[in-house]
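Colleague: Okay, here's the prediction I keep looking at, along with the sequence it came from:
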Amino acid sequence: MMSLIVGVDDYSSESDVIIVPSALDFVSQDEMLTPLGRLDKYAASENVFNRQMVARSLLDTLREVSDDERDCIAVLERISRLAEDSEPTVRAELMEQVPHIALFCQENRPSIPYAFSKYLLPIVVRYLADQNNQVRKTSQAALLALLEQELIERYDVETRVCSVLIELTAPDSNDDVKTEAVAIMCKMAPMVGKDITERLILPRFCEMCCDCRMFHVRKVCAANFGDICSVVGQQATEEMLLPRFFQLCSDNVWGVRKACAECFMAVSCATCQEIRRTKLSALFINLISDPSRWVRQAAFQSLGPFISTFANPSSSGQYFKEESKSSEDNLSNNKRVSDGEVPEAIQTQPEAAPSGPSVNDSSVKLESTTEELVETTRRSPAEKSVAVDGSLLCALSSDPHQDAASHVNDKKPGNYTSLLQPEVGSGSQDPTVSDQELYNSFHFWRTPLPDIDIDTELELDSGGEYSPERPEETPEVSGPCSPSITMATRRELEEMIENLEPHIDDPDVKAQVEVLSAALRASRLDTHEETASNDKRSDSLPNGQVNQDDSVPLICDAVENMDCTLRYIHDSDLSTNNSFSPDEETKSKVQDVVPQALLDQYLSMTDPSRAQTVDTEIAKHCAYSLPGVALTLGRQNWHCLRETYETLASDMQWKVRRTLAFSIHELAVILGDQLTAADLVPIFNGFLKDLDEVRIGVLKHLHDFLKLLHIDKRREYLYQLQEFLVTDNSRNWRFRAELAEQLILLLELYSPRDVYDYLRPIALNLCADKVSSVRWISYKLVSEMVKKLYVATPPTFGVDLINELVENFGRCHKWSGRQAFVFVCQTVIEDDCLPMDQFALHLMPHLLTLANDRVPNVRVLLAKTLRQSLLEKEYFLNSANCHQEAVEQTIMALQMDRDSDVKYFASIHPASTKIAEDAMSTASSTY
């Protein structure tokens, strides 16, 4: 007895005849069956692969029977039966097809109404609790796809989907199913909206955040916490979610805390400014100092984005004067808007004004002496108004002179220090500093400063009477610090230096000697200007009033106003270090936009120790988020970030510098033209000489950055554009292509003379590049250059450029050069870069001479240009002239060309549908 098995040879025991049944027999049998018949046949097969094939072909079967409503319903019923298959692979295959089938049902809803809700949705919901992991995963993906395409009715979402998910997250549910159900609830929240999320999802989500048994559930909740907060809004977040978030941030599992750190920005965006500042900031500091390295790493990555949530458009100071496209017209309007001169419509807080009582420009400045001691560069007005050298303060303050300072205060008719106390925001440090915090070894071994009779000094220096009994005549002094040092003080400084020199080997002593030497040098400056300015100020004062700037010694002023200046000095500058160098004064980075502790942590990301203890990529994360942090702080607080930015710009990792290079144009918009010229231009220049991986960052946004600079500063870069033609790897053709793209944009920023002298040689060089993609962009560049130069008055630059194109390319001994000339002419014609009469006068005669070129590729491109571009112009369609006759004669000559491609393109009508395809094929064949 023989048995036939499809695809397998059967050897008979009685004969050696091999019986191989033909596959066509089975095909013909299937063709005789209806779509439903084939479906039933293979759905009932014991072969798993046959049933999988049925699941894959369900959509095709539905399309075949879509005209008959009863057949569609029958197919959907068979889908329900197939969903009961015991094989997981069949169920998973079926679930993958459900979104496509649902979309088909939606498109054919009139013929099969409620098909999805009745037949397909129950399968999706049931599979969410399937025992097989693959089936559950596919059903979850299908559910999210259906929600994203809005194929599930709102009523079904509430009554059938959410109810099942709530059941799956019950305490007695399977652990894996519960975790997956929580994840689905979080992912579907943005799709179903605030109402359903608040009523149905939020209560169960809050319960899952406190699941004590399963840390996987808590981790899923923490990872999706930001999405839930953004859906339910501020009120629900602050009332219901924040307490849970605090619990998750202190979870005993580091993975949960890490997930909290990663979503911190989204949570912060859903809260008010007060909670963000008072509660979330302290919580984030805990995460940054977490024992787990992975938590700290995630926290530092989120630090910049979290700081950006403190941004306030009214104080960010983002304003930049827009220049007109013609740089020549701008010469009359050359006055740039400074950082503090913002129009009323978008006026922000001036940079130099502290957030407190108004202070004059000279109010808190240590004009002559302190500027020499500090020796800081590129200081913003806000810094200058509050900066005091820490070393000088420590050197000039001591216990014996506290009494003298208080004595001076007693004798003064008014408390001048009170005039200098601006209101400090929450980020400011407590002005009261203990003696231990001011500890410095210099206090204990230095030579004591001699007592100075304040009254005598006042009388000698001012020449007037100082009357403490008449406070009403006392001028309102806004600046306490003296710009000069008396002769007695100079002698004291010299004596102190002499006493310290034997101990110069000690680094602390050396630092103090440097400070005192700087003070002594400052006191020996030309006194002529000082005397003149003092006389001018004294002349302006009423009789009997004292100019405190000239009469009070520097030492007493520094001691007297210690409390005022300490308010602006950060804790790190008042630590127990044994020395305070002048450079440390620049670390006084106090602001009131974000909590100071957050900014301090952000600035510490450039510390080399962070790369070892937190993340080797931490500097890159710092660089990535720096524009957002700068925008948040505002340009008035740029001094807080300047040193960090310069450190990142000189980082050893090229990825860090590359990140800055790609964003320097955005930072320039934030800072304004003055700070950009002072602080960003030197770094930009350094990037221009860096590796190609860094240079490409500034090159891609070269136009965006240069347009923000003053026209004189912008012209300096004309000499450096040629350097972009040289790359580390000559095969890096994308670099040259990007250069051509940027040069097209740069044409509007420079005058015709500059374009001709500096940009023209680069453009012609790129037109002869070895890579076709670079040449294609360069043809566009040259055509735009012709357009700009020709419309200029007089158009001599344009004519000279055209003559150079004819000489270098139209008459080139290489066929590729002559072909490039035809391409340029084609681009000029299609982009209307020249009036047609001028084109016919300057370029067309040289173009037509190429009809006799010996290389067919040149003649093919010429035929296409004449037939498809030139003859389409109105100038050659409606007017009979000598130029039109010359073109027609050239076309006729090309139609008789010996090359078949040339004849083809010269003969076809421009409206032919094959032109585009033919042009593409021919263009590709010419390279």
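Modeller: Yep, that arrived.
Colleague: Leu834 - that's part of a strand, no?
Modeller: No. Using DSSP: H, G, I helix; E, B strand; the rest coil, the assignment for Leu834 is coil, not a strand.
Colleague: which ones are touching the closest residue to it other than its chain neighbours?
Modeller: Nearest-residue entry for Leu834: Val828, 5.7 Å, with adjacent residues in sequence omitted and distances by Cβ to Cβ, 6 or more residues apart in numbering. (Glycine included, C-beta is placed from N, CA and C.) For Val828, the contact set (Cβ atoms under 8 Å, 6 or more residues apart in numbering) comprises 783, 786-787, 834, 839, 843.
Colleague: at 7 Å what do you get?
Modeller: Counting by Cβ atoms under 7 Å, 6 or more residues apart in numbering, Val828 touches 783, 786, 834, 839, 843.
Colleague: Tell me the one among those nearest to Leu764.
Modeller: Using Cβ to Cβ, Val786 comes nearest to Leu764 of the contacts of Val828, at 11.8 Å.
Colleague: Going by neighbour count, list what's buried in the helix or strand containing the closest one.
Modeller: Following DSSP states H and E, one finds Val786 within helix 772-791. Within helix 772-791, the residues that count as buried by 16 or more other Cβ atoms under 10 Å are 774-790.
Colleague: picking up where we left off before, mean confidence score for the helix or strand containing the residue nearest to Leu834?
Modeller: In the assignment (DSSP H and E), Val828 maps to helix 815-830. Helix 815-830 comes out with an average pLDDT of 94.
Colleague: what's in contact with the helix or strand where Asp176 lies?
Modeller: Using DSSP H and E, Asp176 maps to helix 175-192. With contact meaning Cβ under 7 Å, 6+ apart, helix 175-192 is reached by 128-129, 136, 140, 143-144, 147-148, 157, 165, 168-169, 197, 201, 205, 208, 214, 216-217, 220-221, 224, 227-228, 231.
Colleague: Give me the residue ranges of this structure where confidence is low.
Modeller: Counting by pLDDT under 70, the low-confidence segments of the chain come to 1-30, 111, 313-493, 495, 499-500, 502-503, 505-516, 518-589, 878-881, 909-927.
Colleague: Quick one: residues contacting the nearest residue to Ala298 once chain neighbours are set aside.
Modeller: Nearest residue to Ala298, sequence neighbours excluded (Cβ to Cβ, 6+ apart): Ala261, at 4.0 Å. Taking Cβ under 7 Å, 6+ apart as the contact definition, Ala261 lies against 287, 295, 298-299, 302.
Colleague: quick check, nearest of those to Glu498?
Modeller: Among those, and counting by Cβ to Cβ, the member closest to Glu498 is Ala299, at 52.1 Å.
Colleague: The closest one and Ile285 touch, don't they?
Modeller: No. Ala299 lies out of contact with Ile285 (Cβ atoms under 7 Å); the separation is 9.0 Å.
Colleague: Show me which of the two is the more surrounded one.
Modeller: Ala299 (26 against 16; other Cβ atoms under 10 Å).
Colleague: Tell me, how many residues neighbour the closest residue in space to Leu58 that isn't next to it in sequence?
Modeller: Nearest residue to Leu58 in three dimensions, chain neighbours excluded: Gln97, at 5.5 Å (Cβ to Cβ, 6+ apart). Burial of Gln97, expressed as a neighbour count using other Cβ under 10 Å, amounts to 19.
Colleague: Could I get the buried residue list for the strand or helix carrying Gln97?
Modeller: Using DSSP H and E, Gln97 falls within helix 88-107. Judged by neighbour count (16+ other Cβ under 10 Å), helix 88-107 contains these buried residues: 88-95, 97-99, 101-105.
Colleague: Kindly report the same for stretch 815-827.
Modeller: If you call a residue buried by 16+ other Cβ under 10 Å, then stretch 815-827 has these buried ones: 815-827.
Colleague: One more: stretch 864-880?
Modeller: Of the residues in stretch 864-880, 864-871, 875-876 count as buried by neighbour count, 16+ other Cβ under 10 Å.
Colleague: how close does His665 sit to Asp704?
Modeller: Distance, His665 to Asp704, by Cβ to Cβ, to the nearest Å: 4 Å.
Colleague: Comparing the two, which shows the higher neighbour count?
Modeller: More crowded of His665 and Asp704, by other Cβ under 10 Å: His665, with 23 against 16.
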